[in-house]
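Student: Below is the sequence, then the predicted model.
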Amino acid sequence: MDFVKMHGSGNDFIVLEGPYQPSSEDIVSWCARRTGIGADGLLVATRLSDVKVSMRYWNADGGEAEMCGTGLRCVARLAFDKGWVDSPDFVVESAVGDHTVVVASDSVVAYIGEPTPFRSGALTIGDLEVFPFSIGNPHAVIFVDDVESFPVHDIGPMVEYDPLFPDRTNVEFVEILENGAIRIRIWERGVGETQASGTGSTAAAYMAHTARSVDTPVEVYVPGGIVSVWFDEDGAWMRGPADYSFAGSIRSEE
């Protein structure tokens with residue numbers, strides 16, 4: 001079975017052409033950094049029509065996630081380059097709805113979704129102020145003074161598995177910069193720290209805009225690069241890269 005390895009600012013994926021239902025065992029094996037292909041997760045992209053494709057996404061631990069913003073950009077790039085669609089402006093269907101995408105030569109613009117708070121205000125976990133909401137998948141945003149020195153690998157899993165999040169959560173640590181941009185680190189549910197995250201960047205930008213009055217579009221500095229996020233009456237939009245790493249073939253153990 002053929003695959004393509006893709007990434008957006010270092011958030012990387014194994015991409016298969018569907019329809020296909022991978023086993024959780026295969027996903028874990030293929031995503032392993034030392035013994036497999038290595039990836040933050042696996043995407044299955046399926047052509048539906050000349051104007052629409054679908055995506056499904058599984059994290060590296062084999063669990064299926066509702067949505068993946070960087071994966072959305074990668075699927076859009078792949079579908080356009082393969083000629084599955086007749087225009088660079090088309091729709092990608094995910095488990096949480098339809099997403100308009102526009103593929104350019106150096107980036108992809110994508111509708112991410114409508115941010116929806118779990119509840120009004122912040123939660124308290126330990127001595128942390130945590131802002132929880134959904135952007136198709138669950139997020140918890142924490143503002144910090146210095147994101148580089150913050151103990152992400154200690155706090156990330158603590159928040160991910162907190163009982164307040166019965167399905168676990170992604171966690172974003174956000175530092176607001178003097179120029180109005182933000183710098184973030186991401187602890188991804190079922191993966192650990194990642195170089196980038198589309199929905200994570202959107203979550204961070206949304207909370208920076210609503211809770212800290214940061215103007216949009218918000219430039220988001222992730223460890224792997226920069227993305228831009230803005231909002232309109234429909235919800236959140238993002239512009240960011242979607243690049244190829246390599247291609248190959250894999251086999252299932254089933």
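Tutor: Thanks, I have the structure now.
Student: State the mean pLDDT of the helix or strand Phe90 falls within.
Tutor: For Phe90, the element it lies in under DSSP states H and E is strand 89-94. Mean pLDDT, strand 89-94: 98.
Student: What residues sit buried inside it?
Tutor: Within strand 89-94, the residues that count as buried by 16 or more other CB atoms under 10 Å are 90-94. From N, CA and C alone the C-beta is placed, and that goes for glycine too.
Student: Kindly report the same for stretch 71-83.
Tutor: Those would be 71-80, for stretch 71-83 by 16+ other CB under 10 Å.
Student: ok, now stretch 134-152?
Tutor: 134-144, 147, 150, 152.
Student: Just checking, which helix or strand of the chain averages the lowest pLDDT?
Tutor: strand 116-117 (a mean of 82; mean pLDDT, DSSP states H and E).
Student: Can you list the strands that that strand pairs with?
Tutor: strand 128-134 (antiparallel) (DSSP bridges).
Student: which is the next helix or strand following the partner strand?
Tutor: By DSSP H and E, the next helix or strand past strand 128-134 is strand 138-143.
Student: could you say what helices and strands whichever helix or strand comes after the least confident helix or strand of the chain packs with?
Tutor: Using DSSP H and E, the next helix or strand after strand 116-117 towards the C-terminus is strand 123-125. Strand 123-125 is packed against strand 128-134, with contacts defined by 3 or more CB pairs under 8 Å, 6 or more residues apart in numbering; DSSP states H and E.
Student: Setting aside sequence neighbours, what's the nearest residue to Thr116?
Tutor: Ser134 (4.8 Å; CB to CB, 6 or more residues apart in numbering).
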